[in-house]
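K.L.:
sequence unknown, structure follows:
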């Protein structure tokens, strides 16, 4: 597939205060009806709709490509044919509602993600779309990367205002990375206005405030983040850094200890640190961290993929094969073929 290069689309836009970021594109309802009208039953309709999102334009689809450069609105995703997880979920929810299918947001309880944006390490909650399937208690989960499936993991309902607040906090981080601190501050404040009970929003507000030299305001925001969500370790690290820079070493150590206690129990944070260490060539640290992640969550295939890469970096092909075999074992059926191809390549490597 050939991609058009549109550099200006990679710049996060600042929304007006009264603008609804999740407003549906005008063409969306007709598109959704076109791809679902011949389908009978909720499962068939939502499956057809989801496939149409990713089918190439020559087959009548949108040809959407996953792109985490910045968090688009559904209208921007329609225009660019690019979107990240949150945007895809929002676009899918409004598409379902446009054809009178009930759809809501949800958050898988065992999944979290850490990502570096510029100099900021960001904790990202995973948002999915949930559609009742018609049978009592049966639901279909759309969790981009693209598929609709019944999922056995626990999914907590997520209010639309929280998803909207996450959108604004994402934008704040992206604008800060683009050296647009005033726009970032406006987006961070908007997140808090939408959902003042979301710790992530307060933490991002503190990060933006500190970047502007507003240390007192940043400290207050980090404390508020911890007050509304004591289990989030990200504000602890930010508080530690701020206090240490001010010479308040004992207070800083308190927050460092608190943050480490929280994060050591998060398998995804350990996996993130393993990938960071692997990228920096710190193989001992990478191996230690990914082992800890696997101890905490032994059925997560992505962890074994990281473990395989660490083993390969050490020249231990047999250990890499064992890790990939475990990744395949715990992967969703539709993902196992990807691991099969990797295993074939490794098994064909001849020892030196």
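P.N.:
Received it, and whenever you're ready, just let me know what you need. Model, not experiment: these values are computed from the prediction.
K.L.:
helices along the stretch 151-300 of the chain, start to end?
P.N.:
In the stretch 151-300 of the chain, the helices defined using DSSP state H, counting those that start in this stretch lie at 160-177, 181-194, 199-211, 215-228, 234-245, 249-263, 267-279, 283-296.
K.L.:
and the contacts of the shortest one?
P.N.:
The reference is to helix 234-245. With C-beta atoms under 8 Å, 6 or more residues apart in numbering as the test, helix 234-245 has contacts from 121-123, 199-200, 202-203, 206-207, 210, 215, 218-219, 222-223, 225-226, 249, 251-253, 255-256, 258-259, 262. Using the backbone N, CA and C atoms, a C-beta is placed for each residue, glycine as well.
K.L.:
now do it and helix 199-211, the angle between them.
P.N.:
Helix 234-245 and helix 199-211 meet at an angle of 20 degrees, taking axes from the mean of the first three to the mean of the last three C-alpha atoms, to 10 degrees as the criterion.
K.L.:
now helix 234-245 against helix 215-228, angle please.
P.N.:
150 degrees.
K.L.:
just how off-centre is helix 234-245 within its chain?
P.N.:
Chain-centre distance of helix 234-245: 23 Å, with C-alpha atoms, centre = their mean, to the nearest Å.
K.L.:
now do it, average pLDDT.
P.N.:
Mean pLDDT, helix 234-245: 92.
K.L.:
before we move on, what about stretch 126-141?
P.N.:
Mean pLDDT, computed over stretch 126-141, is 78.
K.L.:
go through it and flag the buried ones.
P.N.:
Across stretch 126-141, burial judged by 16 or more other C-beta atoms under 10 Å covers 126, 127, 128, 129, 130, 131, 133, 139, 140, 141.
K.L.:
need the contact list for the closest residue to residue 202 other than its chain neighbours.
P.N.:
Leaving out its chain neighbours, the residue that sits closest to residue 202 by C-beta to C-beta, 6 or more residues apart in numbering is residue 225, at 3.7 Å. Shown in contact with residue 225 (C-beta under 8 Å, 6+ apart): 199, 200, 201, 202, 203, 206, 232, 234, 235.
K.L.:
kindly report the same for residue 228.
P.N.:
Neighbours of residue 228 in contact, by C-beta under 8 Å, 6+ apart: 196, 197, 198, 199, 202.
K.L.:
wait, the third one touches residue 204, no?
P.N.:
No: checked against C-beta atoms under 8 Å, the pair residue 198 and residue 204 is beyond contact range at 9.6 Å.
K.L.:
remind me which residues of this structure are low pLDDT?
P.N.:
The chain contains residues with pLDDT under 70 at 1-18, 109-125, 134-137, 145-154, 350-352.
K.L.:
quick check: end-to-end length of stretch 63-73?
P.N.:
In terms of C-alpha to C-alpha, to the nearest Å, the two terminal residues of stretch 63-73 are separated by 17 Å.
K.L.:
buried set for it?
P.N.:
By 16+ other C-beta under 10 Å, the buried positions in stretch 63-73 come out as 63, 64, 67, 68, 70, 71, 72, 73.
K.L.:
before we move on, what about stretch 230-246?
P.N.:
For stretch 230-246, burial by neighbour count (16+ other C-beta under 10 Å) applies to 232, 233, 234, 235, 236, 237, 238, 239, 240, 242, 243.
K.L.:
do stretch 265-277 as well
P.N.:
For stretch 265-277, by 16+ other C-beta under 10 Å, it's 266, 267, 268, 269, 270, 271, 272, 273, 274, 275, 276, 277.
K.L.:
how near is the last one to residue 31?
P.N.:
Same thing as residue 277. 44 Å (C-beta to C-beta, to the nearest Å).
K.L.:
swap in the fourth one?
P.N.:
Counting by C-beta to C-beta, the separation of residue 269 from residue 31 is 39 Å.
K.L.:
cool, the third one as well?
P.N.:
When C-beta to C-beta is applied, the distance between residue 268 and residue 31 equals 35 Å.
K.L.:
likewise for the first one?
P.N.:
Using C-beta to C-beta, residue 266 is found at 39 Å from residue 31.
K.L.:
where do the strands sit along the stretch 1-150 of the chain?
P.N.:
Per DSSP state E, counting those that start in this stretch, the stretch 1-150 of the chain carries strands over the ranges 65-66, 82-83, 104-108, 112-117, 120-125, 128-132, 139-142, 148-149.
K.L.:
between residue 198 and residue 204, which one's more packed in?
P.N.:
Counted by other C-beta atoms under 10 Å, residue 198 and residue 204 do not tie: residue 204 has more neighbours, with 33 against 23.
K.L.:
quick one: that one and residue 188 touch, right?
P.N.:
Yes: the criterion here is C-beta under 8 Å, and residue 204 meets it with residue 188 at 5.3 Å.
K.L.:
need the overlap of contacts for the two.
P.N.:
Counting by C-beta under 8 Å, 6+ apart, the residues touching both residue 204 and residue 188 are 169, 172.
K.L.:
sorry, back to before: closest to residue 184 out of the buried residues of stretch 126-141?
P.N.:
residue 127 (21.3 Å; C-beta to C-beta).
K.L.:
what residues are up against the closest one?
P.N.:
85, 86, 89, 105, 106, 107, 158, 163, 166.
K.L.:
this completes my enquiry, with thanks.
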